[in-house]
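Trainee: Quick one, fold the following:
(chains A and B)
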Amino acid sequence: MSIVRAERLVNLVLCLLSTRQYLSAERVRTIVPGYTDAATPEAFYRMFERDKAELRDLGIPLETGRNTAFDQAEGYRIARRDYELGDIDLEPDEAAAVALAVRLWDSPELTGAAEGALLKLRAAGVDVDQSTPAVIEPRVRTSEPAFAPLLAAVQTGSVVRFDYRKPAPVEVLTRTVEPWGVVSWRGRWYLVGHDRDREAVRCFRLSRIVGTARAVGRPGVVQPPGEVDLMQFVRGSGDEPVTGTTALLWVARGQAQGLRRRAKVVGTRTVDGVAGDLLEIELRLPESAAGWIAGFGADVAVLEPEVLRKAVYERLLGAVAAARKVVNG
Amino acid sequence: MSTAATERLARLLALVPYLIARPGIRVDEAAADFGVSPRQLRRDLELLWMCGLPGYGPGDLIDLSFEGETITVGFDAGMRRPLRLTGAEATALVVALRALAETPGVADADAVQRALAKVEAAGGEARPAGVVVGLATREPEATPEVRSAVTQAVQGRRAVHIRYYTASRDEITERTVDPMRVLLVEGRSYLEAWCRSAQGVRLFRLDRIDAIEVLDEPAAPPPYAEPTDVSEGLFRPQEGHRNVELVLEPDGRWIAEYYAVERVTELDGGRCRITMRYTDPDWVVRLVLGTGGQAVVLSPPELAERVLHRAQDALRRAGDQLDG
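Mentor: Sure thing, here's the model as predicted:
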């Protein structure tokens, strides 16, 4: 049955491509093989409607119109200039770039689309070799559950609603957003759009969306601003101010390799009978460095600066208190 | 219509132009380009043979001639060019090319720009919108020397000797590896190579390679060295992995976003319980200690006790330092 349908659809495309006149559904029924199988006019119309939808899903531009004012119903045709892919010819190095671009996606939504494009380029006569690996292979994954519905909403211009967890202070709120685009930045996906409740542009990290996102209302209502740099919004919100500092640490001999590889040994000292080295280290983000240093436990002690020493001490206090609760039940 | 049927129709519409561009191509070559079996391709060709222009007489039908294992198009029934790109196809391809173009050092920038211009010109009205990808890495990148040595070794297929920091063991080791390629995944660069001491394919984060020497000997990964499949993420279950259960306070939730986590259960007050894999218990201890109570080990109990003891020892030392 499906073989018959594929054959009918190919014939329908060839027929509508070859005609200048708009062909009414009735004409199509008498011309294209397969439609005469329909027992009743209703069965034919259902069949024809499904076929038209299938062609449109594939991106085939079906034109509708009347040949003369006397035509009772609209007819159909396919304009060749709208149907056909423009001329394209790629040099070997350009084809290699296209091959790399197709392989970039590791995504159920985008891999299929990129491969569909590749198929058409090959059909246009371009030779694209996918078997030669590149020196650098970039990969972009879209594993967040919210990605597919958000991409669909962006592409159809639909408003979306989702529950979003704010990191500080922690709260989960339902947000209603006119989505402008999805942006991957430093390995993470963000949604950029107009937040209807805040009445402002906002970025949302996809990994902080609780559950999934759902489209609300009709498609085609979202009008993203014309020339807007979506990446700019994400980049702008992601940067933390850098206030570097130099610290002096005591590190037990042979321990804390992660610290040592970034530091300079400036002396030795024995603490509580444990031999160790004095290390000087440049810290770009002192706040997260406190956690990093505290992680090495008794193998490391901060000597300078005072603010870092206190920060590490407080982390350890917090760790002891929390661990005690669990261990002592 | 099912996905398979839609894919088949797309293939049927692309096949004739594809064959016109390559007179006398072999069936198996064409099948490989379309990602189907030669048998399926023959079925497609048989179907196309039944299609043509109204009239559907001998001179109206698509005419394909087979000679041995090769195919040539005699009459195309007006199907000379492939269908234009859809919006989704143009987006997927153009966004990927732009990402390559805008990231220095990933691909031949000049070739990418030329390919991009040609694809955009051929794509006509299909304008990519709504997806932007930056491939820039997440953190201060590896030193330029490491990056250029790694690229040089992969390009020239040379073995390298590296000094490497393994964060999970807090250990620096030296090893000779046979480079395969560089992977740029989730905002980080990795050298994928056959590690001679581990006798396996390993990923080395470029920013953890502390020293590198490109050797004169050729890179010789064994033929059975398989490239890493990153589609399921970089951290796949391995033998020797154990599970730890953590409770994360709101300020510790970044752990669930940063590391590959097996399971997340929401608790009250913005807290959550997660299960994650680890190989070295000391790595868990370092992670949990560093959060200052924002993450606690629930199980296994011996790991929870280890954290407590390490924390108490550390607190004693830090206290001494603070007093003295």
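Trainee: Mind pulling up the pLDDT for the nearest residue to residue A:324 once chain neighbours are set aside?
Mentor: Once flanking residues are discounted, residue A:324 sits nearest to residue B:308: 6.3 Å by C-beta to C-beta, 6 or more residues apart in numbering or on different chains. Glycine gets a C-beta too; all of them are placed from N, C-alpha and C. Residue B:308 carries a pLDDT value of 94.
Trainee: same check, this time on residue B:127
Mentor: 67.
Trainee: So out of everything in chain B, what residue is nearest chain A?
Mentor: residue B:187 (2.6 Å; C-beta to the nearest C-beta).
Trainee: Neighbours of that residue, how many?
Mentor: 17 (other C-beta atoms under 10 Å in any protein chain shown).
Trainee: Residue A:181 belongs to a strand?
Mentor: Yes. In this structure, residue A:181 lies within a strand as judged by DSSP: H, G, I helix; E, B strand; the rest coil.
Trainee: How confident was the prediction at it?
Mentor: pLDDT at residue A:181 comes out at 94.
Trainee: Quickly list what residue 64 is bridged to.
Mentor: Let's take chain A. Beta-bridge partners recorded for residue A:64 (DSSP bridges): residue A:76.
Trainee: my bad, the chain I had in mind was chain B
Mentor: residue B:73.
Trainee: From residue B:20, how far out is it?
Mentor: To residue B:20, residue B:64 is 11 Å away according to C-beta to C-beta, to the nearest Å.
Trainee: Pull up the overlap in contacts between these two.
Mentor: Contact criterion C-beta atoms under 8 Å, 6 or more residues apart in numbering or on different chains; residues shared by residue B:64 and residue B:20: residue B:73.
Trainee: related to what we said a few turns ago, contacting residues around the residue nearest to residue A:324?
Mentor: With C-beta under 8 Å, 6+ apart, residue B:308 has these contacts: A:320, A:323-324, A:327.
Trainee: for it, helix, strand, or coil?
Mentor: What three-state DSSP gives for residue B:308 is helix.
Trainee: now residue A:251
Mentor: Per three-state DSSP, residue A:251 ends up strand.
Trainee: And residue B:71, by the same measure?
Mentor: strand.
Trainee: Pull the number of nearby residues for it.
Mentor: There are 23 residues near residue B:71, going by other C-beta under 10 Å.
Trainee: cool, and residue B:3?
Mentor: By other C-beta under 10 Å, neighbour count at residue B:3 equals 8.
Trainee: Repeat that for residue A:282.
Mentor: 12.
Trainee: Quick check: it vs chain B, distance?
Mentor: 11 Å (C-beta to the nearest C-beta, to the nearest Å).
Trainee: what's the pLDDT at that residue?
Mentor: You'll see residue A:282 listed with a pLDDT of 91.
Trainee: for residue A:64, same thing?
Mentor: 93.
Trainee: what does residue B:142 give?
Mentor: On the pLDDT scale, residue B:142 gets 63.
Trainee: Run the chain-centre distance for stretch B:172-190.
Mentor: Distance of stretch B:172-190 from its chain centroid, counting by C-alpha atoms, centre = their mean, to the nearest Å, is 13 Å.
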